[in-house]
Structure formats: C-alpha cells, structure tokens
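Trainee: here is the input, now give the coordinates:
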Amino acid sequence: MKLTQLFKIYWPDNGGGIASVMESIADGFRDWEQEMIVCQDSRKKKSADDCYQGIAVHRCRQIFEVVSTPISVQFLLDVKKRTRDSDFVIYHFPYPMADLAVLLGMYSGRLIVWWHCGFEKYKKFAFLYLPLVRHTLKKADRILVSSKGNLEHSAILQKYRQKCSVVPFSISDAYIQMGQAHAKRFYERQQPQGTGIRSRRITILFIGRLVWYKGCDILLKAFAQMRHTGCELVLVGGGPLEQELKSLAASLELKHVEFAGMVSEKEKLRRIEACDFLVLPSISQAEAFAVVQLEAMAFGKPVINTSLKSGVPYVSKNGVTGRTVKPGNVRELAAAMDELAADEKLRREYGRNAMRVVQEKYTHERMVKRYRRIFQRLTPEGVGADEDCV
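Mentor: Purely as a prediction, here's the structure:
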C-alpha cells in the first residue's frame, strides 16, 4: 500500500501542529510505502527530494506567497505525477493549492481530507475559496476531525457528517513515559500543602506561536489582574506579535514575565516539567485542538483553556483536568489562574486526572488503530463507512 500526504509545509523547514500530525501518521505506517508532497520554504529553492525521519519528502518550488500560502504550479504537477500509484492521499486542510489539485482531478487514490480547522485566515477570499472547499469535501472519500467539537460546531462539515470520522491526536509513548517519570519524582519529592502560595514562585506556562488567535494579550492582561503576586509567567514560542506583546507587558508594568522565544524540544520539555500549570488562552476556532494540552497533561500538569467551539475544551475538561473560561474574558482567566495558583491539592488532583486521560485516550497506538480501521473500510474489501468513529 502507498500513502501520500499533502500540505504546504513539513519538518525541518517549517513545522507546527499539522506537521506533527503528518509525522505521527507516517510513523504509524512505516510498513507502507510513503511520501510527503509539500512546498519549499523559500521561493529561491528549486524542487527537491529528501528524507526526514526515514520518510520520503518531495518539496515543490513555489512562485510566490499570498496570506502565508505558497503558490506553486509545480505542486499541482507533482501531485498528478507522484500520486499515480497511491492507494490513499491525505490532504491536510487548509491549503488552497491542494483544493485546486482536487478540482482539476490531479490526484489518484482514495482522498482523505484531514480537516484541521476552518479557514478564517482566508475569510477575505471566502467567496472564492468556499466553492473550492465544498467541492473538495464532496470528492473526499473520508473526512477526519480531531474532536467531536470540531464536527458539531462546523456548519460546513454538517452536510458531509456521514463521511466524517473522529481521530483524536496523540503523543508518543516516549513522551508519556517521560511524563510518568517526572510526575513520580515530583509527587514523591513534595507533599501537598493545601491552599496558599508556597515560598517558591508558581510558574504559569504558555507554549505556542505568538499570533492573534492564541490570545496572549488576554493572558498578559489577566496576569496583571491576578490577586496572588507570587507567580511568574513564561511564554514559549515566537511569532509576528512578539514585539507587540513585549510592549504590552511593559505598558502593564508586569514583573516576572519571561518571553523565552523559540526553544528546542529538550528545552520545551524542561519548561513543562518546571511549570505548575499550562494556560491556553486562545480566542478563535482557528485553535482546533492544541496538542500542547496533551503534552502538558502527560506530565501531570493542569490546563486552563477556553470554551471555543472547537476541540479545545474536549481535550482538557473543566473541573476534571483543569479550568475552562470564556474566550477573551480577562477577569475569568485571572480568577482561574488565581484558583490554581492558590491550591496545590487541586493542581495535583487535576494533574493526576490529566495523566490518566492521556494514557487512556491519546496514545499513538490507539490513533494508528483508528487510521487502519478507516483505511481498511475504504478498500474494495471494506464494509463501507466507519460508523464507530463518527
């Protein structure tokens, strides 16, 4: 069997959540022939073939870029050429060039559309893009979403609900094992002290790109309103709003705020280990799932997230593994951070629950089994739609 994945970027040139999903799929199907078709990270680079973590990657030359979208005629031509012998093609939505390839019939094999999020980024061009999207979804043999929340809150997907399957994201076994080891050391080393800030500072962590929909401005304003002063806020990640957010922190006269910038995977793990809880203050459905929640939960860390109409609040649940607040509500977010900062017993309770949820629902093995079941039912020997995944 041959599996081809389509998107605009891939490691190590560019990464992010979608690239991580692509990598996890590739890792689960090493017994298949595979290839990634993506674009180069620079207009100056020609098309090229390489290999990343043992998987073939074909990088197509782009002509220019519009709204963070590489425009590449070569991408269309290579999709047609390189999927001729593919059994399954996974298109990681959204990338308009892939929709165009579907419109022009330039792919072969069963088409699976991985609906990662809506297309707010392209809202100025929605009148042009929406017909393409609908055509792609009509042609798809299967549509994948990471959570029931993403399906239930998408007006576009409702028309195609019968061919949608929920395949939650996962984290690696190694990640889970590291998290277990950390939690064991942490719980053995420290005894809960109930409410009240300990002598050391409580570390509040954010991990993600510094872009508009992440809500980092709301986070900084909420941090400024916290009643408890024995806390520090660490923001890990870079992005176009970094300088603007630093200026906001300065204008709010915030102390104990660190902009750590882009860090290595090893440093990210160290930051997760050192934190007391994670905050994901996202304000838009562009945040469809947020794997970083799973990463923190695997280490026994509570999560404060927002009640977006997406998969975000389905991952870390209010009152079970953390707190969920209204998107953009500074006062609610500050109150939730105060609550967790003040109560170590509560943090431990949520942290233990978080570890259990990850180990029960979000393992790599569980994810791969779902994919294989879906793929099997799309073969001539299959039995039709994957009802138990819907």
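
Trainee: point out where the stretch 251-390 of the chain drops to low pLDDT.
Mentor: By pLDDT under 70, the weakly predicted segments of the stretch 251-390 of the chain are 383-390.

Trainee: if you set the cut-off to 80 instead, what comes out?
Mentor: By pLDDT under 80, the low-scoring segments of the stretch 251-390 of the chain are 381-390.

Trainee: which parts of it are helices?
Mentor: Counting by DSSP state H, counting those that start in this stretch, the stretch 251-390 of the chain has helices at residues 265-274, 291-298, 312-315, 330-342, 344-361, 364-377.

Trainee: quick one, what contacts residue 254?
Mentor: For residue 254, the contacting residues are 220, 223-224, 233, by C-beta atoms under 8 Å, 6 or more residues apart in numbering. To be clear about C-beta, it is placed using only N, CA and C from the backbone, and glycine gets the same treatment.

Trainee: quick check: it vs residue 114, distance?
Mentor: 39 Å (C-beta to C-beta, to the nearest Å).

Trainee: same deal with residue 35?
Mentor: 16 Å.

Trainee: give me the more crowded residue out of these two.
Mentor: residue 114 (22 against 19; other C-beta atoms under 10 Å).

Trainee: after the host helix or strand of that one, next one along is what?
Mentor: Using DSSP states H and E, residue 114 maps to strand 110-115. The helix or strand immediately downstream of strand 110-115 is helix 126-139, counting by DSSP H and E.

Trainee: report the rounded mean pLDDT for that following helix.
Mentor: For helix 126-139, mean pLDDT is 93.

Trainee: cool, stretch 44-57 as well?
Mentor: Here the average pLDDT along stretch 44-57 is 95.

Trainee: also stretch 162-178?
Mentor: 93.

Trainee: can you tell me the helix or strand for residue 223?
Mentor: Counting by DSSP H and E, residue 223 is found in helix 216-225.

Trainee: buried sites along stretch 212-229?
Mentor: 212-224, 226 (16 or more other C-beta atoms under 10 Å).

Trainee: looking at these, spot the one nearest residue 143.
Mentor: Distance to residue 143 across the buried residues of stretch 212-229 (C-beta to C-beta) is lowest for residue 213, with 22.5 Å.

Trainee: need the three-state assignment for the closest one.
Mentor: Secondary structure, DSSP: H, G, I helix; E, B strand; the rest coil: residue 213 is helix.

Trainee: thinking again about what came up before, JSON lines for the helices of the stretch 251-390 of the chain, including distance to residue 168 and mean neighbour count?
Mentor: Formatted as JSON lines, the helices of the stretch 251-390 of the chain follow (distance: least, C-beta to C-beta, whole Å; neighbours: other C-beta atoms under 10 Å):
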{"stretch": "helix 265-274", "distance to residue 168": "20", "mean neighbour count": "15"}
{"stretch": "helix 291-298", "distance to residue 168": "9", "mean neighbour count": "24"}
{"stretch": "helix 312-315", "distance to residue 168": "8", "mean neighbour count": "24"}
{"stretch": "helix 330-342", "distance to residue 168": "24", "mean neighbour count": "20"}
{"stretch": "helix 344-361", "distance to residue 168": "6", "mean neighbour count": "18"}
{"stretch": "helix 364-377", "distance to residue 168": "7", "mean neighbour count": "16"}
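
Trainee: ok so, going back, which neighbouring elements make contact with the helix holding residue 223?
Mentor: strand 202-207, strand 231-236, helix 242-251, helix 330-342 (3 or more C-beta pairs under 8 Å, 6 or more residues apart in numbering; DSSP states H and E).

Trainee: now it: average pLDDT?
Mentor: Mean predicted confidence for helix 216-225 is 98.

Trainee: can we start the residue count at 629 from this point?
Mentor: Sure, I'll start numbering at 629, so the last one becomes helix 844-853.

Trainee: and the contacts of it?
Mentor: Contacts of helix 844-853 (C-beta under 8 Å, 6+ apart): 832, 834, 838, 859, 861, 863, 869, 873, 876-877, 880-882, 885, 907, 909, 911, 956-959, 961-962, 965.

Trainee: tabulate the CA atom coordinates of that helix in PDB.
Mentor: Taking C-alpha atoms only, helix 844-853 is exported to PDB below (Å, rounded to 0.1, in the frame of the first residue of the first chain):
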ATOM      1  CA  CYS A 844      -1.600  36.100  24.500                       C
ATOM      2  CA  ASP A 845      -2.700  39.700  25.000                       C
ATOM      3  CA  ILE A 846      -5.600  38.500  27.100                       C
ATOM      4  CA  LEU A 847      -3.100  36.300  29.100                       C
ATOM      5  CA  LEU A 848      -0.900  39.200  29.900                       C
ATOM      6  CA  LYS A 849      -3.800  41.400  31.000                       C
ATOM      7  CA  ALA A 850      -5.200  38.600  33.100                       C
ATOM      8  CA  PHE A 851      -1.700  38.100  34.700                       C
ATOM      9  CA  ALA A 852      -1.700  41.800  35.600                       C
ATOM     10  CA  GLN A 853      -5.100  41.300  37.400                       C
END
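
Trainee: no more questions from me, cheers.
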